[in-house]
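K.L.:
Predicted model, plus sequence, below.
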Amino acid sequence: MSRRDRRAAAPPRPTVSVCRGCCCGTPKIAGVDHAGLLAAVRGSLDGIATVRVVDCLDACDQADVVVVQPSADGRRAGGRPVWLGLVNDAEAIADLAGWVAAGGPGLVDPPGILDLYEFRPSRRARQEPAAD
């Protein structure tokens, strides 16, 4: 697929990938209502972003991991995927959802609090959200 074809195929809205692999979303991260948080992400972003559950993103030390990929407009504006780790509470989900609803990567700066969650994964892990 050429670069032009990939751009043309970019989703018109942001994509939020929620890891639910070997550690994320499991009892290994104790005391967290993983199903409730996933439902909150889906509910708050319904019609705003594509929310998808993905297998292990190989960033287990940051569980629970969420990757926000820019919309087509966000990508054209220079937005790149943003990796967030330790997204284990309702407040983090609310901050994430508000940012994505406002436009997400490339279109709107994330609220400062999300800086505490952002991390840079390994090169191998960065390639995972694009795989289906």
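P.N.:
Structure's in. What do you need?

K.L.:
Would you agree residue 67 falls within a strand?
P.N.:
Yes. Residue 67: assigned to a strand according to DSSP: H, G, I helix; E, B strand; the rest coil.

K.L.:
What's the local residue count around it?
P.N.:
Residue 67 has 24 neighbours, counted by other Cβ atoms under 10 Å. The way it works is simple: take the backbone N, C-alpha and C, and place the C-beta from them, glycine included.

K.L.:
just residue 111 next, same as before
P.N.:
Residue 111 has 13 neighbours, counted by other Cβ under 10 Å.

K.L.:
try the one 10 residues further on
P.N.:
Residue 121 is flanked by 19 other residues according to other Cβ under 10 Å.

K.L.:
same thing with residue 123?
P.N.:
The local packing of residue 123 (other Cβ under 10 Å) involves 7 other residues.

K.L.:
Next, it: phi, psi?
P.N.:
Per-residue torsions, residue 123: phi -60, psi -40 (degrees, to the nearest 10).

K.L.:
Could you report the separation of it from residue 59?
P.N.:
Taking Cβ to Cβ, to the nearest Å as the measure, residue 123 falls 12 Å from residue 59.

K.L.:
before we move on, what about residue 19?
P.N.:
For residue 19 relative to residue 59 (Cβ to Cβ), the value is 8 Å.

K.L.:
Which stretches in this protein count as strands?
P.N.:
Shown for the chain, the strands assigned by DSSP state E span residues 15-19, 50-54, 66-69, 82-84.

K.L.:
list the helices and strands the first one packs on?
P.N.:
Same thing as strand 15-19. When contacts are defined as 3 or more Cβ pairs under 8 Å, 6 or more residues apart in numbering; DSSP states H and E, strand 15-19 sits against helix 34-45, strand 50-54, strand 66-69.
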